[in-house]
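*Asks:* need a 3D model of the sequence below.
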Amino acid sequence: MAHKTYIRHTDGDLAVLFLHGFLGSPEHFEPLVKEIPEGIGVYNLLLAGHGKTVRDFGKASMQQWKQQVEDVMKELEQRYRKVIIVGHSMGTFFAMEQAVKRPELVESLLLLQTPLKIFVKPISVINTLKSFFSLFGEDEVGRAYRNAHSVKLNFKLWEYITWIPRYSELFRASAEHRKTVTRVTVPCYIFQSKRDEMVSLKSLQFVPEQENFHIHVLEQSAHFIYDVQEMKSIQECFCKLIKQRL
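*Replies:* Sure thing, here's the model as predicted:
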């Protein structure tokens with residue numbers, strides 16, 4: 001799969017759309033993609049500017065990513081009766097937007113690390129720098145950070161100036177989607193990691209107390225790294241969502 005869009009169309013009436021996070025990759029969803037039965041469509045999207053260079057990422061924009069998701073949903077709308085959307089981090093924003101806009105098409109949402117309140121811990125910066133300078137060994141953290149970041153980093157520091165508007169858009173979207181989440185009416189399953197290095201657990205305070213929301217706090221997992229047993233819980237929830245529709 002790696003850092004590229006993966007599509008599998010079927011003749012069935014259900015598809016799953018995966019939306020990765022900021023600087024992320026479709027690779028993040030590999031543990032879930034492998035659980036999808038053959039008769040179900042899969043669209044694991046690579047957002048514009050990702051999987052390429054620092055300059056390419058800087059040229060992309062939040063609006064471009066939103067339009068990309070919108071175009072994909074229009075295509076899925078023509079092929080399938082229902083769509084389950086799985087989002088990670090920034091991708092949860094686009095998932096919620098589509099659930100609000102197309103409640104008749106979106107069957108349910110599975111949201112991982114929803115960043116309604118962003119708080120970057122020092123360990124996140126350290127691990128990112130270690131990944132940048134290839135200081136990780138072949139341990140779990142190293143593999144997770146390498147797989148999580150699809151943009152090809154370089155040492156031309158002036159090129160990273162173009163990322164400032166992207167980060168500004170991300171923080172602005174975080175605040176804006178505190179309202180969006182209150183308008184979601186479809187079944188929504190949220191998994192938030194207690195040890196997340198970038199997303200505050202206080203994000204959950206913006207999730208309304210409604211029957212369609214189901215919140216799970218992962219005690220041992222982080223933003224990119226999942227405890228084995230906790231990932232099994234996510235997989236079980238995901239498989240249950242699919243079986244409910246079949």
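
*Asks:* what comes up buried for the host helix or strand of Gln98?
*Replies:* Using DSSP states H and E, Gln98 falls within helix 91-101. Residues Gly91, Thr92, Phe93, Phe94, Ala95, Met96, Glu97, Gln98, Ala99, Val100 are the ones in helix 91-101 that count as buried (16 or more other CB atoms under 10 Å). Using the backbone N, CA and C atoms, a C-beta is placed for each residue, glycine as well.

*Asks:* for the second one, give me its contacts.
*Replies:* By CB atoms under 8 Å, 6 or more residues apart in numbering, Thr92 lies in contact with Leu19, Leu109, Leu111, Leu112, Gln113, Thr114, Pro115, His177.

*Asks:* reformat the residues you listed as CSV; add secondary structure, pLDDT and neighbour count.
*Replies:* Listed next are the contacts of Thr92 as CSV, based on DSSP: H, G, I helix; E, B strand; the rest coil; pLDDT from 0 to 100; neighbours: other CB atoms under 10 Å:
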residue, secondary structure, pLDDT, neighbour count
Leu19, strand, 98, 28
Leu109, strand, 98, 25
Leu111, strand, 98, 27
Leu112, strand, 98, 27
Gln113, coil, 98, 25
Thr114, coil, 98, 29
Pro115, coil, 98, 26
His177, helix, 98, 21
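
*Asks:* can you pull up the most central residue in the protein?
*Replies:* Among the residues of the chain, the one closest to the centroid is His88, at 1.9 Å (CA atoms, centre = their mean).

*Asks:* show me where pLDDT drops low in the protein?
*Replies:* Residues of the chain meeting the criterion pLDDT under 70: 1, 125-143.

*Asks:* hey, where'd the helices end up in it?
*Replies:* Under the criterion DSSP state H, the chain contains helices at 30-33, 54-59, 62-79, 91-101, 122-132, 140-148, 164-180, 228-245.

*Asks:* output the ones you listed as JSON lines; include the columns distance to Glu197.
*Replies:* Formatted as JSON lines, the helices of the chain follow (distance: least, CB to CB, whole Å):
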{"stretch": "helix 30-33", "distance to Glu197": "19"}
{"stretch": "helix 54-59", "distance to Glu197": "20"}
{"stretch": "helix 62-79", "distance to Glu197": "22"}
{"stretch": "helix 91-101", "distance to Glu197": "17"}
{"stretch": "helix 122-132", "distance to Glu197": "4"}
{"stretch": "helix 140-148", "distance to Glu197": "10"}
{"stretch": "helix 164-180", "distance to Glu197": "15"}
{"stretch": "helix 228-245", "distance to Glu197": "16"}
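
*Asks:* tell me the most buried of these?
*Replies:* Highest mean neighbour count among these (mean count of other CB atoms under 10 Å): helix 91-101, with a mean of 24.

*Asks:* distance-wise, check Leu14 relative to Ile36.
*Replies:* Distance of Leu14 to Ile36, given as CB to CB, to the nearest Å: 10 Å.
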